[in-house]
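S.K.: Please find the sequence and the predicted model below.
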Protein chains: 2
Amino acid sequence: MADPTPRSLANAIRALSMDAVEAANSGHPGMPMGMADAATALFTRHLKFDPAAPNWPDRDRFVLSAGHGSMLIYSLLHLTGYARPTLDDIRNFRQLGSPCAGHPENFELEGVECTTGPLGQGLAMAVGMAMAERHLNATFGDDLVDHHTYVIAGDGCLMEGISHEAIGLAGHLRLGRLIVLWDDNRISIDGPVSLSSSEDTAKRFDAAGWHVMHCDGLSHDDVDAALTAAKADPRPSLIACRTVIGYGAPKKAGTSGSHGSPLGAEEISGARAALGWDSAPFVVPEDIRDAWTKHGARGKTAHAAWTERLAASADREQFERRAANQPPQAVYDALDAHIAALIATPAKVATRKSSEMALEAAVPAAPGMFGGSADLTGSNNTKTKAMQPFTADDYAGRYVYYGIREFGMAAAMNGIALHGGMLPFGGTFLVFSDYMRNAIRMSALQRTRVIYVLTHDSIGLGEDGPTHQPVEHLLSLRAIPNLAVYRPCDAVETAEAWALAIADEHRPSVLALSRQNLPQLRLTAAGNLTGKGGYRLRDAAAARRVVLVATGSEVHIAAAAADLLEAEGVGCDLVSMPCWENFDAQPKAYRDDVLPADALIVSVEAGVTMGWDRYTRGGLNLGIDTYGASAPIDALYDHFGLTPAKIAARVRERLQGAS
Amino acid sequence: MADPTPRSLANAIRALSMDAVEAANSGHPGMPMGMADAATALFTRHLKFDPAAPNWPDRDRFVLSAGHGSMLIYSLLHLTGYARPTLDDIRNFRQLGSPCAGHPENFELEGVECTTGPLGQGLAMAVGMAMAERHLNATFGDDLVDHHTYVIAGDGCLMEGISHEAIGLAGHLRLGRLIVLWDDNRISIDGPVSLSSSEDTAKRFDAAGWHVMHCDGLSHDDVDAALTAAKADPRPSLIACRTVIGYGAPKKAGTSGSHGSPLGAEEISGARAALGWDSAPFVVPEDIRDAWTKHGARGKTAHAAWTERLAASADREQFERRAANQPPQAVYDALDAHIAALIATPAKVATRKSSEMALEAAVPAAPGMFGGSADLTGSNNTKTKAMQPFTADDYAGRYVYYGIREFGMAAAMNGIALHGGMLPFGGTFLVFSDYMRNAIRMSALQRTRVIYVLTHDSIGLGEDGPTHQPVEHLLSLRAIPNLAVYRPCDAVETAEAWALAIADEHRPSVLALSRQNLPQLRLTAAGNLTGKGGYRLRDAAAARRVVLVATGSEVHIAAAAADLLEAEGVGCDLVSMPCWENFDAQPKAYRDDVLPADALIVSVEAGVTMGWDRYTRGGLNLGIDTYGASAPIDALYDHFGLTPAKIAARVRERLQGAS
């Protein structure tokens, strides 16, 4: 019997995609059907992977940026022989408990390198993966690290602003191992792409320094040749694949009607006829399954050779530790030593500076740490003295000038973390977390260890005014599930937050840091109290009637307010609460002890008071529920009532009202 | 005496900028000093404006997208004769109470068309202004509407993803009256732009269908000629102005050192010498002031002629009403009639469909309403049957296919609203509000009437899974000051929310709408209860022990839970709370009546419970504090415990625990 044709291999993807979407009565058949041939060419002739070892560090990375076409990757993983998804998993596409979710999720399936669906971010994460590859290659050499990153992206991805940031960065860094297959089907959800875009995509990529090719996305040989040429070019490559969305469906092919809903029995039957596919739903003929399995086994030899090279490598131990994503104990020791030095000699510096000091301790001890900033290096204090720039001419550098591309930076950091072997951190102003918000969410959803250094964290930045003053941002970040938001009050808490963030393998962290100097309040050794999220920094001297709970730059102000109240005989505990998420994770008895029911709980934070009621429970929430203003810092704190005297007055008023 | 040279006019800007930043000891002198000549050429030779009538509807719009260079526009407004800023205002640059804030704020100064600082958004708002101009031109003709939109943008603006969305949209719509002066100074905050970008900006704009020119940004004649050529070209124009940041400063010019901090006495004195400017700080020589004043008066004649044309126009009344941004009474009447029809014949539809029904009523009655979607027209239900597309070939259309450009859409809507005469609304999925979050914030900060139609507002969207299921988004939007977030429970509340949003001249609104069908719960005429934000939808039958407070798609579920509890003799009020902001604005007595202290208050919302404590005050918060999952809707509501039986069980448990 003749070998199955490449087209028939691709048709297996088409059939599974149609059938799964139909069974779920939900999903996107058009994209997998249009790109089935191109993906088959990639997976059977180019992609380096071993389904028996999905986490082989030197595998090529494949990113389905157009994540709605999830049945494409589920089909490919299944057919090439990954343990999951099974055929049953695919039958249960989009059902509770199936790893075949509506959009591909990295935490559900090995072989899914990242979670996609939010458009443009897959491509931008792929840029991060390609950066990580080059950096690790520069560190460990071709023997251990030498792979490509492939992306399938659609028009939706390429219209999103983030994709423009990503391709600008990739072109600048000359990431030649990044190869993007563009599903050029000229259809978007609303209809033809021409409804909303007249862009010359090839010229646009060319302007960013990319190598651009065109091919027939339905021809295996054409796609194959383009991939070969792409690999040979030193620039990142875009391969424009002319395709037909929903290819095979007699009426809906080439229309947005095949994009996002089941084709229906009639179209599916017509497509089966047109494609010459006569198997029943979810049945893959044995010869085609065998051929796919054989292609899936193609990488075994390369993997074995790589394993031998690793065994023989002098770098083996270091490489394996990096690949396991376990920072060395030395980094925690270095931070402990730094904290001990602070206790001995307190520092009155901005927490952004405290963060830099912590980084000066941590970065040399943790080779995976890989920093950067979206053009605010000197403001975010993210670059240590010894860090060299990561550039097209020197991939060994550990500091990235991301440019004014916050969203692109955050997504790239996700890709860097997901690649493995790296611990990315990057900075911008807290207010501009808005620009990259969905990528922060994607860090949390994907459980990546990405550390966001967000400085200028309140009205305390002063004169730049309300456009630059976050007021709602702390709360809105705390609302993101699986994200640790730290707002340290001094140099010690900042170092503690860094230690916790570095250790948090499956949770991203935000460090919200001040522009202004803050006194050191932690003056005795006491273990990592930031790990508890909130703790009593000072006990009431007089009989306790009040607990002042503050974060970050307001803790020392609350301390001064407590002094005023204590002077009047009103006992005040002072609680620092750098991290709600960590506090919420403490036992109830601990939380009740810190925030006792018999005291007036008062929150003090230079941001919206929303959300604080959970802790103050009918107490007093002092904050800023409007926009800030442009003025020097002292004028602003006074204007917004966050001075010791004004805080004490509000507490006094409330105590009197309550008595 | 000879007329002052153009350069000396520009030097007045340079001097004021240096002096104001120095006095404030804070600010950005580099950009105003670099672009002073180009801005002078624009304001003295091209810009159509009348400082005595800053709100003249047919004025050219000028947008300082590089908003950190705010002293540029303050100098220009002052010198050309606007009532504000006065010289004292400028002396108080960046001080509390001065309209000369760190970044230009539209609500502080006439002549500041929009608030800028968050990079890229000024340019994207300018695209919206240029769209509004073309639409109003198509509506009212050249006699009444015929102006340009000018932008000054820096490298920071052009690297941001949003600018790519904006230029793609502008090129597609062939907005020939949009002219961008790019401050091509090759410097960003971190150093030379080449640190982070290798982009061929001219080619990139060309790829988007723009007309691109280069000029010497320090030569008035060169800039003048480029502006003349730009006006003659039918495409939007980019003028690359080669400039020197901090031009004049002997040591800091041409370096990032002049970007964001005071130059210092020595540099200022050197700059004064280099520029031949010997006046004392804040002093503008009389001849130069006179020349500027004369240029400021240039537009008076054109304005007078326009006023005559308006007086003679048959469209006068309609134009003036539009320009005053007052929707006609007819739109409220139409919505009232629609609500009356719903009361008569209830509808069980998704609230996204309810929204479409409300739009079918409102849009014909409000000619300013101007809709769109970021490629989700059929999902957001933002297009009414009669709306025609707004295209390069037909600017009379009222529906914009924004493409997959959420951030660009939101900023464009801000520009459309700020232009005046228009009431923009646009849609995407609620989860992708993340992509445009800072533009939503800028709607709120700028007090623009922009209406966001955000559908698929919970796990109720089902199979698309956690990437597409908002859980934290309602709270994070409620946290934005001056933003009304509506989550209506049925077709009546949806229509009420539209009426409120349309009437809210200085506050943007979000409508969070369901994908799934919802029963109509409001069955009797009762006035606009959504205006109260929260209200008792149903009284307890048995003695009240519980108040169930729900929003949107969870109200009918809470109603069923209340039925179960009532059947056991537990009296339950049912409160619908479609808008926290409006509820918070009610008198305390009203709020205490709706959420009485003697009942167990239970919130029910398919999102994070954070923030609800303010209303439930120690009661029970039922919601989803993790990510969602991919599954059919019923499976998800059951999985997350939001079925009537599971809600009733939680309430019962709590009542028993408390007794």
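M.R.: Looks like it came in fine.
S.K.: Could you use CA atoms for every contact and neighbour count after this?
M.R.: OK.
S.K.: and residue A:438, what does it touch?
M.R.: B:432, B:434, B:435 (C-alpha atoms under 8 Å, 6 or more residues apart in numbering or on different chains).
S.K.: Can you classify the last one by secondary structure?
M.R.: Each residue gets one of three states, and residue B:435 gets helix by DSSP: H, G, I helix; E, B strand; the rest coil.
S.K.: Buried ones in the helix or strand encompassing residue A:21, by neighbour count?
M.R.: Using DSSP states H and E, residue A:21 maps to helix A:6-24. Residues A:6-24 are the ones in helix A:6-24 that count as buried (16 or more other C-alpha atoms under 10 Å in any protein chain shown).
S.K.: Tell me which helix or strand comes right after that helix.
M.R.: helix A:30-45.
S.K.: helices and strands around that next one, which ones?
M.R.: Counting contacts by 3 or more C-alpha pairs under 8 Å, 6 or more residues apart in numbering or on different chains; DSSP states H and E, helix A:30-45 is packed against helix A:6-24, helix A:70-80, helix A:220-232, helix A:286-297.
S.K.: closest one to chain B among these?
M.R.: Smallest distance to chain B across the helices and strands packed on helix A:30-45 (C-alpha to the nearest C-alpha): 8.6 Å, for helix A:6-24.
S.K.: quick one: the closest one to helix A:30-45, angle?
M.R.: Per axes from the mean of the first three to the mean of the last three C-alpha atoms, to 10 degrees, the angle that helix A:6-24 makes with helix A:30-45 is 140 degrees.
S.K.: what does helix A:6-24 rub up against?
M.R.: Contact partners of helix A:6-24, identified using C-alpha under 8 Å, 6+ apart, comprise A:27-29, A:32-33, A:36-37, A:39-41, A:71-72, A:75-76, A:90-95, A:220, A:261-264, A:268, A:272, A:275, A:277, A:281-282, A:284, A:288, A:291-292.
S.K.: how about the residues of the stretch 201-350 of chain A that lie near chain B?
M.R.: Residues of the stretch 201-350 of chain A found near chain B (C-alpha under 8 Å from any C-alpha of the partner chain) are A:201, A:203, A:204, A:207, A:208, A:209.
S.K.: rewinding a little: buried only: go through the contacts of helix A:6-24 for me.
M.R.: Of these, these count as buried by 16+ other C-alpha under 10 Å: A:27-29, A:32-33, A:36-37, A:39-41, A:71-72, A:75-76, A:90-95, A:220, A:261-263, A:268, A:272, A:275, A:277, A:282, A:284, A:288, A:291-292.
S.K.: who are the neighbours in contact with residue A:545?
M.R.: Contacts of residue A:545 (C-alpha under 8 Å, 6+ apart): A:570, A:571, A:572, A:598, A:599, A:600.
S.K.: and if you look at residue A:518?
M.R.: Contacts here follow C-alpha under 8 Å, 6+ apart; on that basis residue A:518 touches A:348, A:349, A:350, A:351, A:489, A:490, A:553, A:556.
S.K.: Kindly recompute the last result at 7 Å.
M.R.: Contacts for residue A:518 (C-alpha atoms under 7 Å, 6 or more residues apart in numbering or on different chains) come out as A:348, A:349, A:350, A:490, A:553.
S.K.: for the residue lying closest to residue A:249 once chain neighbours are set aside, what are its contacts?
M.R.: Using C-alpha to C-alpha, 6 or more residues apart in numbering or on different chains and skipping the chain neighbours, the partner closest in space to residue A:249 is residue A:271 (4.4 Å). Residue A:271 is in contact with A:248, A:249, A:250, counting by C-alpha under 7 Å, 6+ apart.
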